[in-house]
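J.: The amino acid sequence is not available; the structure is as follows:
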Ligand code: COA
């Protein structure tokens, strides 16, 4: 089975994390598959909406820390993450997420680019960027304060502790809490209804609500410069080492 499963039913494309033994940690190849699927959605008139899905109790634990460690010790960063982030930031079709369980790092910041987010009551979000010696990414430093105000965004992105689903909903990151066994069917039913709307009116309306993407793309670049440097910092290396050592025990 592929680590990312892309499928289509009617006018709805699903993109599912499927690397559950690693808590759906996202590798470079997985970013590329997701970027390709989102690019295809933009180009293909038969696709109206994309939906991000995980596995029971695991949305994703974010970027694969083994990949981060490789960059920290000299490997090339690769362009896959950047392609994925650009795709979620500039895509022209609606994006929905159904989050059950953990959504860490980019698994959480991706939600800021979604038009609708449904989560189970047992979902939780966390962005431990600073603890890893890193900085916020995916334009979250711009989008989170805009969505939830500075203090909530600071708590999420800088303090970096867990937000349970109920708090995430109060912060505006989640539309509605849906029990786990109904979560996917609910998200897919909403996706169907959205995909059936007149496509031109839908596209223009979405564009009006999302506003100027240039600002978001500029922030992606600004964050990414810091992020790339931070990946090679001693703070980050030590944090990745600690994670690897815990694994080894
Ligand atoms: N990158 C690489 N591997 C990861 C991973 C990640 N982001 N998250 C989990 N894994 C791996 C673990 O190393 C472990 O692998 P192993 O069985 O070969 O040892 C497996 O997935 C299960 O994870 P485990 O830590 O045992 O599960 P848990 O339920 O105790 O904890 C998390 C889950 C998500 C809290 C914990 O794995 C974690 O903190 N992961 C790192 C998250 C992170 O920092 N992401 C990057 C943010 S920028």
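T.: It's in. Just so we're clear, the structure is a prediction, and the values are computed from it rather than from any experiment.

J.: can you tell me the residue of this structure closest to the ligand?
T.: residue 105 (2.7 Å; C-beta to the nearest ligand atom). In this view, the C-beta of every residue, glycine as well, is placed from N, C-alpha and C.

J.: residues touching that residue, list them.
T.: 61-63, 126-129 (C-beta atoms under 8 Å, 6 or more residues apart in numbering).

J.: Adding distance to residue 22 and neighbour count, write those residues out as a markdown table.
T.: Below are the contacts of residue 105 laid out as a markdown table (distance: C-beta to C-beta, whole Å; neighbours: other C-beta atoms under 10 Å):
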| residue | distance to residue 22 | neighbour count |
| --- | --- | --- |
| 61 | 7 | 22 |
| 62 | 11 | 26 |
| 63 | 11 | 23 |
| 126 | 17 | 19 |
| 127 | 19 | 29 |
| 128 | 17 | 17 |
| 129 | 20 | 23 |
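
J.: could you redo those as a markdown table and give each row secondary structure, pLDDT and distance to the ligand?
T.: Shown next, in a markdown table, are the contacts of residue 105 (DSSP: H, G, I helix; E, B strand; the rest coil; pLDDT from 0 to 100; distance: C-beta to the nearest ligand atom, whole Å):
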| residue | secondary structure | pLDDT | distance to the ligand |
| --- | --- | --- | --- |
| 61 | coil | 98 | 3 |
| 62 | coil | 98 | 4 |
| 63 | strand | 98 | 5 |
| 126 | strand | 98 | 8 |
| 127 | coil | 98 | 7 |
| 128 | coil | 98 | 5 |
| 129 | coil | 98 | 6 |
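
J.: which among the residues you listed gets closest to residue 146?
T.: For the contacts of residue 105, the minimum distance to residue 146 (C-beta to C-beta) is 15.9 Å, reached by residue 127.

J.: show me the contacts for that closest one.
T.: 104-105, 108-109, 136, 140, 156-157, 160.

J.: before we move on, what about residue 157?
T.: By C-beta under 8 Å, 6+ apart, the neighbours of residue 157 are 127, 129, 136, 140-141, 144.

J.: go again using 6 Å as the cut-off
T.: The contact partners of residue 157, by C-beta atoms under 6 Å, 6 or more residues apart in numbering, come to 127, 136, 140, 144.

J.: Show me which of the residues you listed is closest to residue 180.
T.: residue 127 (22.6 Å).

J.: how far away is that closest one from residue 138?
T.: 9 Å (C-beta to C-beta, to the nearest Å).

J.: Get me the contact residues on this protein for the ligand.
T.: Within the chain, the positions adjacent to the ligand are 22-23, 25, 61-66, 102, 104-105, 128-129, 132, 247 by C-beta under 6 Å from any ligand atom.

J.: let's see 5 Å
T.: By C-beta under 5 Å from any ligand atom, the part of the chain that sits against the ligand consists of 22-23, 25, 61-65, 104-105, 247.

J.: Wait, residue 89 touches residue 216, no?
T.: Yes: between residue 89 and residue 216 there is a contact under C-beta atoms under 6 Å: 5.0 Å.

J.: Which of these two has more residues huddled nearby?
T.: residue 216 (22 against 18; other C-beta atoms under 10 Å).

J.: burial count for residue 196?
T.: Neighbours of residue 196 using other C-beta under 10 Å come to 14.
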